[in-house]
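Trainee: Predicted model and sequence below, questions to follow.
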Amino acid sequence: MNRVKREIIAVCTSKAKGERKTDAGQGELQAGFGLAGDAHGGDWHRQVSLLAIESIDKMRAAGLDVGPGDFAENLTTRGIDLYSLPIGTRLLIGASALLEITQIGKVCHDRCAIYHQAGDCVMPREGVFAIVLQGGSVKAGDDLRVLEPVGVQEGQ
């Protein structure tokens, strides 16, 4: 069985909200804030945004030239259907960074450039948002582990 590795493939930031992010390859996740140097960091429930490369590939299949960061996500992942995870799921990144999913998808009030190019955008349906419970470094190639939501016991 050839199983896809669950990993981070891009770490993206932007200086301002409402713009595509640039892949820096690595960064520092800060507890209670988000990704250091990113405009979306702060004391709120959407400190870090995540989108799977598999979701980006759907837009590529629609003919768009897009890649990591183009949907304004901080972390691009591989090997996990992020949007199928329940709120409260915790994600362990690398050796120590711990995130908790707080929101799945979002309302897109203003149609983004991607929507206008393709007539669709995956971020409102397949992007997820999280808070940083425990900080740590994050870089492309880091392992990504899905942990059970808090309060969920095996067998329930």
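Mentor: Alright, I've got the coordinates.
Trainee: could you measure the closest residue in space to residue 94 that isn't next to it in sequence against residue 77, distance?
Mentor: Using C-beta to C-beta, 6 or more residues apart in numbering and skipping residues adjacent in sequence, the residue nearest residue 94 is residue 142, 3.9 Å away. (C-beta placed from N, C-alpha, C; glycine too.) Counting by C-beta to C-beta, to the nearest Å, the gap from residue 142 to residue 77 is 10 Å.
Trainee: Could you check which of the two is surrounded by more residues?
Mentor: Higher neighbour count among residue 142 and residue 77: residue 77, with 25 against 21, using other C-beta atoms under 10 Å.
Trainee: is that one in a bridge, and if so with what?
Mentor: Beta bridges link residue 77 to residue 8, residue 52, judged by DSSP bridges.
Trainee: Report the contact partners of it.
Mentor: Neighbouring residues of residue 77 by C-beta atoms under 8 Å, 6 or more residues apart in numbering: 6-9, 50-53, 144.
Trainee: how long is stretch 34-48 from one end to the other?
Mentor: 5 Å (C-alpha to C-alpha, to the nearest Å).
Trainee: Lovely, talk soon.
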